[in-house]
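with the sequence up front, the predicted model follows.
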Amino acid sequence: MKTALITGTTSGFGREIALRLAKLGYQVIITGRRKELLESLEKEIKEKYSVPVLSLCFDVRNNQQCKENLESLPSEFQNIDLLVNNAGLAAGASPFNESNLDDFERMIDTNVKGLLYISKLIIPGMIKNQSGHIVNISSIAGIEVYPGGHVYCATKHAVNALTKGMRIDLVKHGIRVSSISPGMAETEFSLVRYHGDAEKAKNVYKGLEPLHAEDIADALEFIVTRPPHVMINDIQINPTQQANTYISHRK
Ligand code: NDP
Ligand code: 8X3
């Protein structure tokens with residue numbers, strides 16, 4: 001049985017991806033900071049798909065916590081075939097000059113440093129096995145920059161550079177490195193971005209049908225079900241009503 005580790009599974013894409021991978025027959029390591037949500041997902045996966053699940057509750061911004069959790073995995077979960085670097089967030093959408101450093105640091109620490117900490121811990125096992133697959137969840141914000149996007153876009157540009165860099169350095173070890181670059185999707189993303197303001201979060205999707213977490217799980221499923229000689233580099237996926245990061249057609 002293959003093993004997948006997915007970061008940020010307490011909501012949104014990560015939750016849906018964990019469910020999808022379990023459906024595909026993977027045993028899954030699910031992670032996030034909200035313990036109750038991890039516990040309820042673990043229960044749901046076990047009931048629906050009868051695969052082994054390991055829940056690890058930690059903050060990807062804390063390298064010590066990453067190490068404590070990932071260096072002492074039970075032996076049956078140690079051979080990780082698939083890593084999905086999904087945990088991430090946007091904090092704030094104000095112009096650069098009106099934004100605050102705490103938000104900047106939160107995004108850089110989670111989206112970039114968290115991805116580095118986790119990858120550094122998992123890649124040695126993949127090199128040992130001379131196989132493995134890493135899927136980084138990027139964004140169309142990694143391709144284009146939009147007003148108020150500054151640091152969030154910078155972190156996703158960094159994710160894209162890291163995806164390419166890892167692909168170059170890991171190719172000789174038989175490790176595939178892919179990314180998914182979604183546009184607007186309705187998850188807890190906007191609620192987090194607007195610091196819990198539900199009204200502002202709802203307005204982001206006003207007049208259009210955004211992507212759903214299932215759409216991202218579909219892309220992930222396509223990537224991981226290709227034959228071993230095929231590596232999907234990136235899947236860009238937008239809602240039909242969103243042309244790019246700043247042009248949408250709202251009814
Ligand atoms: P959600 O807010 O619904 O999910 C984010 C997940 O990341 C949660 O499970 C959260 O868990 C986890 N997370 C956040 N910070 C940390 C942390 N410090 N340590 C551990 N886990 C953390 O958002 P999405 O599902 O939409 O976002 C998932 C990824 O997709 C992100 O990287 C985002 O940038 C990207 N993305 C989102 C798009 C969108 O429009 N929704 C579009 C393009 C990309 P917990 O809070 O329990 O720790
Ligand atoms: C989230 C998509 O367009 O809000 O990564 O930046 S967008």
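In hand now; what should we look at? Ligands and ions are numbered 1, 2, ... in the order given.

where in this structure is pLDDT low?
Judged by pLDDT under 70, the chain has no weakly predicted residues.

tell me which residue is most central in it.
Closest residue to the average C-alpha location of the chain: Asn86 at 1.2 Å, with CA atoms, centre = their mean.

correct me if wrong: it contacts Ile137.
Yes. Contact criterion CB atoms under 8 Å: Asn86 and Ile137 qualify, at 4.3 Å. Glycine gets a C-beta too; all of them are placed from N, C-alpha and C.

list the helices and strands the helix or strand containing Gly125 packs on?
Using DSSP states H and E, Gly125 sits within helix 115-129. Applying 3 or more CB pairs under 8 Å, 6 or more residues apart in numbering; DSSP states H and E, we find helix 115-129 packed against helix 63-70, strand 82-85, strand 132-137, helix 150-170, strand 175-182.

relative to Tyr152, how far out is whichever residue of the chain sits closest to ligand 2?
Using CB to the nearest ligand atom, the point where the chain gets nearest to ligand 2 is Ser139, with a distance of 3.1 Å. Distance, Ser139 to Tyr152, using CB to CB, to the nearest Å: 8 Å.

same check on Ser94?
11 Å.

got it, and Gln27?
Gln27 is 33 Å from Tyr152, by CB to CB.

just Val204 next, same as before
Distance from Val204 to Tyr152, by CB to CB: 13 Å.

also Phe77?
Relative to Tyr152, and taking CB to CB, Phe77 is found at 32 Å.

for the two, indicate the residue with more neighbours.
Tyr152 (27 against 17; other CB atoms under 10 Å).

need the contact list for that one.
90-91, 107, 111, 141, 193 (CB atoms under 8 Å, 6 or more residues apart in numbering).

before we move on, what about Phe13?
86, 137, 182, 185, 187, 213, 216-217.

grab the nearest non-local neighbour of it.
Distance criterion CB to CB, 6 or more residues apart in numbering; nearest residue to Phe13, sequence neighbours excluded, is Ile216 at 4.5 Å.

within range of ligand 1, give me the residues from the chain.
7-14, 32-34, 59-61, 86-89, 110, 137, 139, 182, 184-185, 187-189, 192 (CB under 6 Å from any ligand atom).

pull out the buried members of those residues.
Buried subset of those (neighbour count, 16 or more other CB atoms under 10 Å): 7-14, 32, 59-61, 86-89, 110, 137, 139, 182, 184-185, 187, 189, 192.

those residues in strands, which ones?
The members of these that map onto strands under DSSP state E are 32, 137, 182.

hmm, the last one is touching Gly142, no?
No. Under the criterion of CB under 8 Å, Pro182 lies out of contact with Gly142, with a separation of 10.2 Å.

re the thing from before, now, of the helices and strands packed on helix 115-129, which is deepest in the fold?
strand 82-85 (a mean of 26; mean count of other CB atoms under 10 Å).

who does that strand pair with, and is each partner parallel or antiparallel?
strand 3-6 (parallel), strand 132-137 (parallel) (DSSP bridges).

contacts only, for the closest residue to Leu208 other than its chain neighbours.
Once flanking residues are discounted, Leu208 sits nearest to Gln241: 4.0 Å by CB to CB, 6+ apart. Contact analysis of Gln241 by CB under 8 Å, 6+ apart lists 208-209, 248-251.

end-to-end on stretch 83-90?
22 Å (CA to CA, to the nearest Å).

and the helix or strand where Phe222 lies, anywhere near ligand 2?
Using DSSP H and E, Phe222 maps to helix 213-224. No. Helix 213-224 does not reach ligand 2 (CB under 6 Å from any ligand atom); its nearest approach is 10.9 Å.

what sits against the closest residue in space to Ser94 that isn't next to it in sequence?
Spatial nearest neighbour of Ser94, chain neighbours left out: Gly148 (5.9 Å); criterion: CB to CB, 6+ apart. Counting by CB under 8 Å, 6+ apart, Gly148 touches 92-95.
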